[in-house]
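Student: make a model of this:
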Amino acid sequence: MKLYCLQKTQNLPISMDHAWKFLSDPKNLKTITPDYMGFEILGGDDRIMYAGQILKYIVTPIMGIPTQWVTEITHVKEGEYFVDEQRFGPYALWHHKHFIRPIENGVEMEDIIDYKIPFGLLGQMVHPIIVKPKLKEIFGYRQKKLVELFGEYKN
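Tutor: Numbering: from 1, shown residues only. Here you go, the predicted structure:
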């Protein structure tokens, strides 16, 4: 079993409270997802994030093929971190940790995604060509969008 990890860190010039309010509202996920992904929340976004919350959505990551994705928010420490795990969707495993920490003049946001591609050896062959570049592109978009929304961090 091949397990992959993507880690992204970004500093933003906002308060911990502001960062948490934005990140803990599932509706904001659409804001930080590229339009071409066709991201649409189908349910579960009616409350601020809590452990046990189930979020259902559709994404169109590759070749215009819509894919239903169901995640569960498994852990929440208010104001500090939360974890979402895929229950159904395109990955054999998806475990995404979101951390925010106070830093001078803002916050540090860190994403750590541990994931496994389905389809065994074929999935492993496709990973460096399609999956890894697509994930880097999506999280790069998120970083740019967060700078647009909150400004660039300067220390």
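
Student: find the residue at the geometric middle of this protein.
Tutor: H96 (6.7 Å; CA atoms, centre = their mean).

Student: and E108, what are its bridge partners?
Tutor: N11, R101 (DSSP bridges).

Student: show me where this structure has its strands.
Tutor: 4-12, 40-43, 54-59, 67-77, 81-88, 93-103, 106-116 (DSSP state E).

Student: can you put those strands in CSV and add distance to V131?
Tutor: Just so you know, the C-beta spots here come from the backbone N, C-alpha and C atoms, and that holds for glycine as well. Output for the strands of the chain, formatted as CSV (distance: least, CB to CB, whole Å):
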stretch, distance to V131
strand 4-12, 8
strand 40-43, 21
strand 54-59, 13
strand 67-77, 13
strand 81-88, 14
strand 93-103, 12
strand 106-116, 8
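
Student: pretty sure the residue nearest to the centre of the chain sits against E85.
Tutor: Yes. Counting by CB atoms under 8 Å, H96 touches E85, with 7.4 Å between them.

Student: skip the chain neighbours and tell me the closest residue to I130.
Tutor: Spatial nearest neighbour of I130, excluding adjacent residues (CB to CB, 6 or more residues apart in numbering): I62 at 6.7 Å.

Student: what is the burial count for the one you found?
Tutor: I62 is flanked by 13 other residues according to other CB atoms under 10 Å.

Student: give me the distance between it and F119.
Tutor: 13 Å (CB to CB, to the nearest Å).

Student: likewise L135?
Tutor: Taking CB to CB as the measure, L135 falls 16 Å from F119.

Student: just G151 next, same as before
Tutor: Applying CB to CB to G151 and F119 gives a distance of 42 Å.

Student: ok, I129 next?
Tutor: 13 Å.

Student: so where's the longest helix in this protein?
Tutor: helix 132-150 (DSSP state H).

Student: just checking, T67 touches Y91?
Tutor: No. Using CB under 8 Å, T67 is not in contact with Y91; the gap is 10.2 Å.

Student: neighbour count for those two, which is higher?
Tutor: Neighbour tally, T67 and Y91, criterion other CB under 10 Å: the higher count belongs to Y91, 17 against 14.
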